[in-house]
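J.: my questions are about this predicted structure, shown below with the sequence.
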Amino acid sequence: MTKTSDGKVGDSKAGEAPTMNDVARRAGVSAMTVSRAMKEGSHVSKATRERITQAINELGYVLDQSAGSLSSRRTGFVAAIIPSINNSNFSDTARGITDALEGTGLQLLLGYTNYSVEREEELIEAMLRRRPEGIILTGGAHTPKGRRMLEQAGIPVIETWDTPADPIDKVVGFSNGAAMELLVETLAAKGYERFGYIGGTTARDTRGSQRRAGFVRALERLGLPSDRVISFGVPPISMEQGAQAVVSMLERWPDTQVALCVSDLSAFGALMECQRRGMRVPDDIAIAGFGDYEIAACCHPRMTTINVDCYGIGRQAALKLTQTIQGPSAETPERITRTGFRVIEREST
């Protein structure tokens, strides 16, 4: 007997995925009734269906669509979920995963959330129905149902790009807040005092929220103003929004010395807008980004940024996953792997 995340008692053993029989016992019906209730157009009463749905949500049960081929519990693939496929940072992470899986006999099933935890929940359920041998996620923020499904899946779970306070299983990541703090401190040491920040406002991009919090913490610790923030609601923040934001920032706080951006893309937009308006970077205003995209090293002036080794995050996550899948005979990986970050100083500051 085990306890679910809401404190209720379930029937699956610790570390094992809940079964249809567990749902049936929780709902007080037969397994056949559960099976019928999960099919569209089935003749199951509304009250019974609601009771079964509640049991499914409490247990984190996911319908196994490939049970007939899983006598060995090996399916030959792992799943990964990233926020975006057109973001080069996350593409590099996916490439790191793929390269690390080469030669292991495991294939990658990839999905993207568009920065939505609700979409992530849908992908988790869809992927777990195929019974992957492990799953890699971006970040540590999930819906309650998504987290329950992951906790009860009975497979290795690796959260990346973050260091959540309460990991589901294992972690490969870094502190986005601490990385932004380092950027602030590095530029403050060069004499900058009036900092602005360009980023998002919603919780959809938890990494962006953490970077903004790090910006505020560092400035408060240094005794400098921390309220020069221009925000947009829906991530990812685009080049165009970066351009709009730097204009708004300078209209509100014309003495701003340096604008820090949530990503290199928004920073590039800000840099280009300054040049269109005849402003010199960094003489009139300095600009820095986050992520060390290729564009940061190729633009003019080249852009100061934070490098977080996106490829390495994916590679280490996949290696940790395969070590865990191999079981007790393999070397047991550490639960938390902290990846590094560093400031890349270039001409834009």
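T.: The structure has been received and is ready for your questions.
J.: now the strands for the stretch 201-349 of the chain?
T.: Using DSSP state E, counting those that start in this stretch, the strands of the stretch 201-349 of the chain run over 229-232, 258-261, 286-288, 305-307, 336-338, 342-344.
J.: rank the ones you listed by pLDDT, which is bottom?
T.: Across the strands of the stretch 201-349 of the chain, strand 229-232 has the smallest mean pLDDT, namely a mean of 89.
J.: can I get that strand in CSV? Just the C-alpha atoms.
T.: This file holds the C-alpha atoms of strand 229-232, laid out as CSV (Å, rounded to 0.1, in the frame of the first residue of the first chain):
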residue,chain,number,x,y,z
VAL,A,229,11.3,46.3,-15.3
ILE,A,230,9.4,46.1,-18.7
SER,A,231,7.4,42.9,-19.0
PHE,A,232,5.4,41.0,-21.7
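J.: what's that strand packed up against?
T.: If contacts are counted by 3 or more C-beta pairs under 8 Å, 6 or more residues apart in numbering; DSSP states H and E, strand 229-232 sits against strand 195-200, helix 239-252. (C-beta placed from N, C-alpha, C; glycine too.)
J.: just the ones you listed: most buried one?
T.: strand 195-200 (a mean of 26; mean count of other C-beta atoms under 10 Å).
J.: run me through the strand neighbours of that strand, direction for each.
T.: strand 229-232 (parallel), strand 258-261 (parallel) (DSSP bridges).
J.: okay, now the unreliable bits of this structure?
T.: 1-15, 40-41, 64-73, 201-204, 328-332 (pLDDT under 70).
J.: for it, which segments count as helices?
T.: 20-27, 31-37, 46-59, 88-101, 117-128, 144-151, 176-188, 206-222, 239-252, 264-276, 294-298, 310-326 (DSSP state H).
J.: now do residue 185 against residue 246, distance only.
T.: 22 Å (C-beta to C-beta, to the nearest Å).
J.: then residue 206?
T.: 24 Å.
J.: of all the helices and strands packed on strand 229-232, which lies closest to residue 133?
T.: Between residue 133 and the helices and strands packed on strand 229-232, the tightest spacing by C-beta to C-beta is seen for strand 195-200, at 34.3 Å.
J.: tell me what angle that closest one forms with helix 176-188.
T.: 150 degrees (axes from the mean of the first three to the mean of the last three C-alpha atoms, to 10 degrees).
J.: now do strand 195-200: everything it contacts.
T.: 184, 187-188, 208-209, 211-212, 215, 219, 224-226, 228-235, 237, 241-242, 245-246, 249, 253, 256-262, 266-267, 270 (C-beta atoms under 8 Å, 6 or more residues apart in numbering).
J.: one more pass at 6 Å, please.
T.: With contacts defined as C-beta atoms under 6 Å, 6 or more residues apart in numbering, strand 195-200 is touched by 208, 212, 215, 219, 228-232, 235, 237, 242, 245, 249, 256, 258-262, 266.
J.: and for stretch 287-296?
T.: Contacting residues not belonging to stretch 287-296 are listed as 88-89, 259-261, 263-264, 267-268, 270-271, 281, 303-307, 344, 348-349 [C-beta under 6 Å, 6+ apart].
J.: ok, 7 Å please
T.: Residues from elsewhere that reach stretch 287-296 (C-beta atoms under 7 Å, 6 or more residues apart in numbering): 88-89, 183, 187, 211, 258-265, 267-268, 270-271, 281, 302-308, 344, 348-349.
J.: now a ChimeraX select for only the buried ones of the residues you listed.
T.: Buried residues among the contacts of stretch 287-296 (16 or more other C-beta atoms under 10 Å), as a ChimeraX selection:
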select :88,89,183,187,211,258,259,260,261,262,263,264,265,267,268,270,271,281,303,304,305,306,307,308,344,348,349
